[in-house]
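>>> sequence plus the predicted model coming up.
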Amino acid sequence: ECGCLEAFGQGESLLQDPGCLEELEDRLHFYVEECDYLQGFQVLCDLHDGFSGVGAKATELLYDEYSGKGILTWGLAPGTRNLGIPMVVGFFFLPTQDSPKSLYRALNVALGLAHLSRHSSLLCPLALSGGLGLR
């Protein structure tokens, strides 16, 4: 509600902070060391807000650190009724509302899908309504 992570770039820059990145790596290494036979990772992240940037950077970190392991990524998007997410016609976004938030949400979904698919073994987008909240 404070609007701290509205855009993809805000989430991405969060994991570029050395303190935050170090804490993530420490927690990740703790759980990896506890595994007897690590087969891969599952990443769940929102696509419609700045957490798509956080998920993209986290997936990139996993891809770089554990390149031989599978990364299954679930990109989650809520229904469109309350969000005002733009409709997609071909490759063009048509906003349902003229608010910057609806444009941010469409860009977050597009950037999130592009970046997550680059570093994932499999990307499964999920939404409460068809089309990832986009029509």
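Okay, I see it. Numbering: from 1, shown residues only.
>>> show me the shaky parts of the protein.
1-3, 80-99, 130-135 (pLDDT under 70).
>>> helices along that one, start to end?
Assigned by DSSP state H, the helices in the chain fall at 8-14, 18-34, 51-65, 100-119.
>>> the third one - contacts with which helices or strands?
What that stands for is helix 51-65. Where contact means 3 or more CB pairs under 8 Å, 6 or more residues apart in numbering; DSSP states H and E, helix 51-65 is packed against helix 8-14, helix 18-34, strand 40-46, strand 70-77, helix 100-119. C-betas here are computed from N, CA, C, even on glycine.
>>> how far does that helix sit from the chain's center?
8 Å (CA atoms, centre = their mean, to the nearest Å).
>>> try the first one
Taking CA atoms, centre = their mean, the mean C-alpha location of helix 8-14 is offset from the chain mean by 10 Å.
>>> which non-adjacent residue is nearest the residue nearest the centre of the chain?
When CA atoms, centre = their mean is applied to the chain, the residue found nearest the centroid is S52 (2.6 Å). The shortest distance from S52 to any non-neighbouring residue, by CB to CB, 6 or more residues apart in numbering, is to G112 (3.1 Å).
>>> can you pull the buried residues of stretch 35-44?
Applying a neighbour-count criterion of 16 or more other CB atoms under 10 Å, one finds F41, V43 buried in stretch 35-44.
>>> who touches that stretch?
32, 55, 58-59, 62, 66, 69-74, 76, 116, 120-121 (CB atoms under 8 Å, 6 or more residues apart in numbering).
>>> let's have the helices of the chain in a markdown table, adding distance to G40.
A markdown table is the format used below for the helices of the chain (distance: least, CB to CB, whole Å):
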| stretch | distance to G40 |
| --- | --- |
| helix 8-14 | 23 |
| helix 18-34 | 11 |
| helix 51-65 | 9 |
| helix 100-119 | 13 |
